[in-house]
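A.B. asks: Dropping a prediction and its sequence here:
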Amino acid sequence: DVKVTQSSRYLVKRTGEKVFLECVQDMDHENMFWYRQDPGLGLRLIYFSYDVKMKEKGDIPEGYSVSREKKERFSLILESASTNQTSMYLCASSLYITGTNNEQFFGPGTRLTVL
Amino acid sequence: DAKTTQPPSMDCAEGRAANLPCNHSTISGNEYVYWYRQIHSQGPQYIIHGLKNNETNEMASLIITEDRKSSTLILPHATLRDTAVYYCIVRSSGTYKYIFGTGTRLKVLA
């Protein structure tokens, strides 16, 4: 089974802090994704990566950056956390990015609160 | 991607089949139907997907109507652990994007 793990389930940070969210997958997937989930807004894509050191902006990249130095690890960075970044952050991975078997497998999520 | 419509909530007795409907009347020829579920405070879990034929795996069955305008996810013997929000998503094979709607909140009752 695909296993996607995230470094923390719950995180509390202060406004202005730099925040790192880590995600690791163990299935040698090429593609990894970061989403945030907010009530009434569904899942929104922040960034995705289709290879080591390669990244593409999603729908809401402002205020975030990402790093993918190794295939299995994809990090989301909040350069200067703000209260409107309080959310559930979800990491996902997939073997293919398009095609018929491109289902994404999600981690358990990190609930981030910015005070 | 085509829009989907699902009932906001459903109840099902434990041990019975749970049938979750989804309407996707504007689906186009290259769009697949995916189902995910999300148990409270966890990440979404992939269940099954299909194009036009019915599909079955160890978790569920997916029945797609002949005109592909609607589908039904069937959990054959629902358990309490199947209580979750179930999302029906229509997605083109040429895109990586998922659009999660509000889903159906399924409550399995003891």
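C.D. replies: Received the coordinates, thanks.
A.B. asks: Going by C-alpha atoms from here, please, whenever you check contacts or count neighbours.
C.D. replies: Will do.
A.B. asks: Might one say that B:Tyr36 is in contact with B:Tyr87?
C.D. replies: Yes. With contact defined as Cα atoms under 8 Å, B:Tyr36 counts as touching B:Tyr87 (5.2 Å).
A.B. asks: Which of the two has more residues huddled nearby?
C.D. replies: B:Tyr87 (27 against 22; other Cα atoms under 10 Å in any protein chain shown).
A.B. asks: three-state assignment of the more buried one?
C.D. replies: Following DSSP: H, G, I helix; E, B strand; the rest coil, the label given to B:Tyr87 is strand.
A.B. asks: Excluding covalently adjacent residues, which one is nearest to it?
C.D. replies: B:Gly103 (4.4 Å; Cα to Cα, 6 or more residues apart in numbering or on different chains).
A.B. asks: dump the residue contacts of that neighbour.
C.D. replies: Shown in contact with B:Gly103 (Cα atoms under 8 Å, 6 or more residues apart in numbering or on different chains): B:6-8, B:85-88.
A.B. asks: what's near enough to touch the nearest residue to A:Gly107 once chain neighbours are set aside?
C.D. replies: Excluding the flanking residues, the one nearest A:Gly107 by Cα to Cα, 6+ apart is A:Val4, at 4.6 Å. The contact partners of A:Val4, by Cα under 8 Å, 6+ apart, come to A:23-26, A:91-93, A:105-108.
A.B. asks: what's residue 109 in contact with, if anything?
C.D. replies: Answering for chain A, as no chain was given. A:6, A:8-9, A:88-91, B:41-43.
A.B. asks: oops, chain B please
C.D. replies: Here B:Leu109 is in contact with B:11-14, B:80 (Cα under 8 Å, 6+ apart).
A.B. asks: tell me which of those is nearest to chain A?
C.D. replies: B:Leu80 (19.5 Å; Cα to the nearest Cα).
A.B. asks: how many other residues sit next to the closest one?
C.D. replies: B:Leu80: 14 neighbours (other Cα under 10 Å).
A.B. asks: so who does the residue most central in space within chain A touch?
C.D. replies: Most central residue of chain A, judged by C-alpha distance to the mean C-alpha position with Cα atoms, centre = their mean, is A:Trp34 at 2.5 Å. Applying Cα under 8 Å, 6+ apart to A:Trp34 gives the contacts A:45-48, A:76, A:89-92.
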